[in-house]
Structure formats: structure tokens, C-alpha cells
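Asker: okay, structure incoming, though there's no sequence with it:
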Ligand code: CAA
């Protein structure tokens with residue numbers, strides 16, 4: 001078992017840290033306050049190869065591994081959780097299924113420019129009445145004589161949806177008695193009948209715009225079908241195995257930002273005759289947070305290493321996401337407590353981390369769903 005990063009991984013980590021500290025951190029509070037899509041940062045991430053990290057160069061990717069992806073996503077998310085999820089959606093939820101299931105044409109025309117960050121991708125599974133119970137979606141697509149599909153329905157909370165050139169839409173394409181089959185379709189906003197609602201107003205990750213999408217008889221040409229007909233649900237689930245590594249990494253970054261601020265503040269703030277870092281009550285909060293953060297990082301890196309090996313990692317990704325996201329909520333909560341009243345104001349930026357943390361327990365599978373996935377493997 002090796003815990004050391006390779007030279008390349010260390011270099012990526014350092015590059016991501018320098019970039020995030022210099023270019024993202026100074027604007028992160030403003031992005032959050034204004035709920036402004038970070039156009040300039042998305043371009044810079046594209047230049048660094050961060051929007052398609054673990055994909056082969058011949059498909060527009062950076063040729064890195066998933067461990068590097070975790071390291072970079074943590075650094076970016078430490079500066080700005082919105083930028084972290086934009087990176088994660090493009091890499092994990094869009095480029096990954098395109099690489100695994102895309103046709104040669106899709107890889108050349110859609111994956112390569114998206115992995116290079118010249119265009120963006122999104123992933124549309126959730127619907128207004130179907131979140132955790134994804135199988136019960138209502139969006140449906142009917143096969144036409146020319147091999148195209150006619151798509152009807154809606155999807156909501158689609159992160160990067162307002163900005164994406166393509167969104168993978170999962171739709172019911174066949175009913176066989178009680179059983180339904182789903183197919184994945186690549187949908188573009190310029191397809192007739194596709195409407196985007198204004199972006200959602202949210203508690204956190206306010207700069208990473210998400211929205212509802214409506215499909216009214218959208219004709220999806222057959223070249224835009226992703227993977228085999230009827231295999232959509234498995235593609236959706238398998239994609240989330242990777243996506244959950246990205247969200248776990250985002251949680252690591254948010255928690256680290258909060259913990260670093262708590263440590264700095266504890267050394268500076270005077271009370272009871274010295275810095276509050278001398279008080280055991282504060283030390284315990286710092287110690288618990290440090291242990292939990294490091295444990296979450298190990299779980300996340302393990303899931304990424306398994307993905308790099310090509311091994312099934314459904315349970316390991318779910319464990320990483322479950323633990324990292326709940327850790328993130330606890331760590332940001334404690335960090336705010338260390339700051340007392342100052343943590344509750346916007347002055348130290350703690351409240352942003354506290355708000356951003358919360359979504360990591362919800363999207364790409366709630367903590368409750370993560371426990372179901374983990375238990376299923378444990379009990380099998
Ligand atoms: N990889 C490949 N196949 C898988 C799989 C995986 N990880 N997980 C399940 N499957 C397969 C199963 O083997 C099964 O195949 P068969 O029909 O051949 O037997 C099929 O998929 C159905 O599996 P289940 O019976 O386990 O399905 P289920 O209906 O009981 O649901 C669930 C399981 C785990 C609850 C699933 O619905 C789920 O993960 N729900 C959460 C959805 C979710 O995470 N949504 C997040 C939205 S995305 C998002 O948030 C993006 C964003 O904007 C940032």
C-alpha cells in the first residue's frame with residue numbers, strides 16, 4: 001500500500017493550489033454574493049486541462065488519473081465550491097459517460113471539445129417528482145422511424161444546465177409491463193422544443209447555476225443517442241459512481257477551507273488570558289475536524305485509485321461521498337463556532353463554507369441513498 005503521491009500528482013496538486021489561491025479565492029465571495037457564473041475561471045480551468053482531467057489526450061483530455069482529479073478538485077473547491085462542482089460535473093457526469101459509451105462521432109465532436117473546456121456538458125437525471133427514486137422518472141422519448149427520438153418531459157436542479165452545450169437526458173423509452181427501460185440522449189439547447197427556466201436561487205454554490213429544463217416534442221437525432229437503447233439507467237448509475245468521487249473531493253475542499261480559517265482565527269483571537277487555541281474546548285474541535293478531514297480524504301483517494309484501476313467502486317464512492325459530505329457539514333459547523341459571532345457575519349467567509357457544505361449531502365445521491373448503496377454491497 002502506497003500513501004505517497006507521484007511527482008506528477010504532486011505537481012498537479014501544487015498547480016491547482018497556486019491557481020485556486022491566486023485566481024479563484026480573491027473573487028469567490030463576490031461570485032457567491034452575486035450568484036455570478038464564473039466565466040473567466042471556467043476558461044482558466046479549461047486552459048489548465050481541469051475540465052477533462054482523467055481522459056486520454058486523443059479525446060481532448062489531460063491524460064491524468066482520477067487521483068489527480070481528486071487533488072485538483074479539492075484545491076479548487078477550497079477556494080470556491082461553485083467552481084469545484086462545475087469542474088466535477090464536466091469531468092465526471094459528462095465526459096466520463098461519453099468516453100465509456102460514446103460513438104466515435106460523439107467522442108470526436110462532443111467529448112473532445114468538452115474535455116478541452118471549449119464547451120460544457122451537464123447531466124439530467126432528476127425531475128420535479130423523482131429525485132432519489134430515479135427509476136420513477138416521467139420524462140419519456142419515443143423512437144421514430146428514422147431512429148431519432150421524440151422527447152417530452154422535464155428535468156430540474158441541473159447543475160451547469162444553463163451554460164451547457166449538451167446535457168445527457170435520461171428518459172423512459174420502453175415499457176414492458178411493470179418494467180421500464182431508459183435511454184440516455186444528448187440534448188442541445190438549440191433543439192426545437194427545448195426550454196431552459198431561469199437559474200435556481202440557492203442556499204450555497206450560488207455561482208454554479210442550475211435550472212429546470214422542459215422538453216416539448218424535442219426531436220433528438222439518432223447520432224445523439226448515448227449508449228445502447230434501454231441501457232440508460234445503468235449508464236446513469238455507473239456515471240454517479242464517478243460523480244460521487246467528485247462531490248467527496250468538493251466536500252474535502254470546503255471543509256479544509258473552513259478548518260484552515262478556524263486554526264488561523266484560534267491562534268489570533270484572545271480570550272481568558274491568551275489565544276483561544278490554548279483552550280481545550282477549541283483544541284478538541286480542531287482535532288476532531290482534522291481527523292475527520294484526513295479520514296475522508298483517504299476514503300476519497302481510495303475510491304479514485306480503484307477507478308484508476310478499472311475496478312468496480314460503487315460502494316467505495318458512496319462511502320467517500322457519505323463520509324466526506326457529513327464530515328464537511330460537521331467541520332464547517334465547528335469552524336463557525338470557533339469564530340463565534342464573527343463566523344455568523346460575512347467578514348471571515350465562514351458562513352459561505354457552512355452554506356456550501358450542505359449540498360454535498362444532497363446532490364449526486366443523498367446521504368440516505370449512499371447508505372442504501374453501501375448496505376447493498378455489505379449485505380450481498
Ligand atoms: N453501476 C452499474 N449498474 C448499476 C449500478 C451501478 N452503480 N447501480 C445499479 N445498477 C443496475 C443494477 O444492477 C440493476 O440492473 P438490472 O436491472 O439488470 O438488475 C439496475 O441498475 C437497477 O438497479 P437497482 O435495482 O439497484 O435500482 P433502484 O431503482 O432500486 O435504485 C438507487 C437504486 C441506488 C436508489 C438509485 O435510484 C439511486 O442512486 N438514486 C439516487 C439518484 C441520484 O443520485 N440522483 C442524483 C442526481 S444527479 C445530480 O445531483 C447532478 C447534479 O446536478 C450535480
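Answerer: Alright, I've got the coordinates. Treat the numbers as computed from the prediction; the structure is a model and nothing was measured.
Asker: and residue 300, what helix or strand is that in?
Answerer: Residue 300 belongs to helix 280-309 when elements are defined using DSSP states H and E.
Asker: for the helix or strand just after that helix, packing partners?
Answerer: Counting by DSSP H and E, the next helix or strand C-terminal to helix 280-309 is helix 314-339. Helix 314-339 sits against helix 232-268, helix 280-309, helix 341-344, helix 350-359, helix 367-379, with contacts defined as 3 or more C-beta pairs under 8 Å, 6 or more residues apart in numbering; DSSP states H and E. C-beta here means a position set from N, CA and C on the backbone, and glycine is covered the same way.
Asker: same thing but at 6 Å, please
Answerer: helix 232-268, helix 280-309, helix 350-359, helix 367-379 (3 or more C-beta pairs under 6 Å, 6 or more residues apart in numbering; DSSP states H and E).
Asker: which one of those lies nearest to the ligand?
Answerer: For those, the distance to the ligand is smallest for helix 232-268, at 3.3 Å, taking C-beta to the nearest ligand atom.
Asker: need the next SSE after that closest one, C-terminal direction.
Answerer: Following helix 232-268 in sequence, per DSSP H and E, is strand 270-271.
Asker: tally of neighbours for residue 267?
Answerer: Residue 267: 12 surrounding residues under other C-beta atoms under 10 Å.
Asker: please apply the same query to the one 5 residues further on.
Answerer: The burial metric for residue 272, expressed as a neighbour count using other C-beta under 10 Å, is 8.
Asker: ramachandran angles for the nearest residue to it once chain neighbours are set aside?
Answerer: The shortest distance from residue 272 to any non-neighbouring residue, by C-beta to C-beta, 6 or more residues apart in numbering, is to residue 279 (6.7 Å). Dihedral angles of residue 279 (phi, psi; degrees, to the nearest 10) stand at phi -90, psi 130.
Asker: and the stretch 1-150 of the chain, which of its residues are near the ligand?
Answerer: Applying C-beta under 6 Å from any ligand atom, we find that the stretch 1-150 of the chain lies next to the ligand at 89, 123, 125-126, 132, 134-135.
Asker: wait, is residue 150 part of a helix?
Answerer: No: going by DSSP: H, G, I helix; E, B strand; the rest coil, the assignment for residue 150 is strand, not a helix.
Asker: give the contact list for it.
Answerer: 142, 217 (C-beta atoms under 6 Å, 6 or more residues apart in numbering).
Asker: from residue 315, how far out is it?
Answerer: 38 Å (C-beta to C-beta, to the nearest Å).
Asker: quick check on the residue of the chain most remote from its centre: phi, psi?
Answerer: Distance from the C-alpha centroid of the chain, by C-alpha atoms, centre = their mean, peaks at residue 273 (44.0 Å). Per-residue torsions, residue 273: phi 90, psi 10 (degrees, to the nearest 10).
Asker: next one: it from the ligand, what distance?
Answerer: 48 Å (C-beta to the nearest ligand atom, to the nearest Å).
Asker: who are the contact partners of that residue?
Answerer: Per C-beta under 6 Å, 6+ apart, neighbours of residue 273: none.
Asker: equivalent analysis for residue 190, please.
Answerer: Residue 190 touches nothing, counting by C-beta under 6 Å, 6+ apart.
Asker: now do the same for it: helix, strand or coil?
Answerer: With three-state DSSP as the criterion, residue 190 reads coil.
Asker: that older thread, neighbours of the residue nearest to residue 272, how many?
Answerer: When neighbours are defined as other C-beta under 10 Å, residue 279 has 14 of them.
Asker: now the one 5 residues further on
Answerer: Around residue 284 sit 11 other residues, with neighbours defined as other C-beta under 10 Å.
Asker: in contact with it, which residues?
Answerer: Applying C-beta under 6 Å, 6+ apart, no residues contact residue 284.
Asker: could you do residue 163 as well?
Answerer: Residue 163 neighbours (C-beta under 6 Å, 6+ apart): residue 120.
Asker: that one and residue 82, how far apart?
Answerer: Applying C-beta to C-beta to residue 163 and residue 82 gives a distance of 12 Å.
Asker: for residue 273, same thing?
Answerer: 41 Å.
Asker: now do residue 18
Answerer: 20 Å.
Asker: do the same with residue 55
Answerer: For residue 55 relative to residue 82 (C-beta to C-beta), the value is 23 Å.
Asker: who has more neighbours, the two?
Answerer: residue 82 (30 against 26).
Asker: surely the more buried one is in a strand?
Answerer: No: the assignment for residue 82 (three-state DSSP) gives helix, which keeps it out of a strand.
Asker: quick one: it from residue 355, how far?
Answerer: 11 Å.
Asker: and the buried ones among the residues of the stretch 1-150 of the chain next to the ligand, selectable in PyMOL?
Answerer: Listed next is the PyMOL selection for buried residues among those, using 16 or more other C-beta atoms under 10 Å:
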select buried, resi 89+123+125+126+134
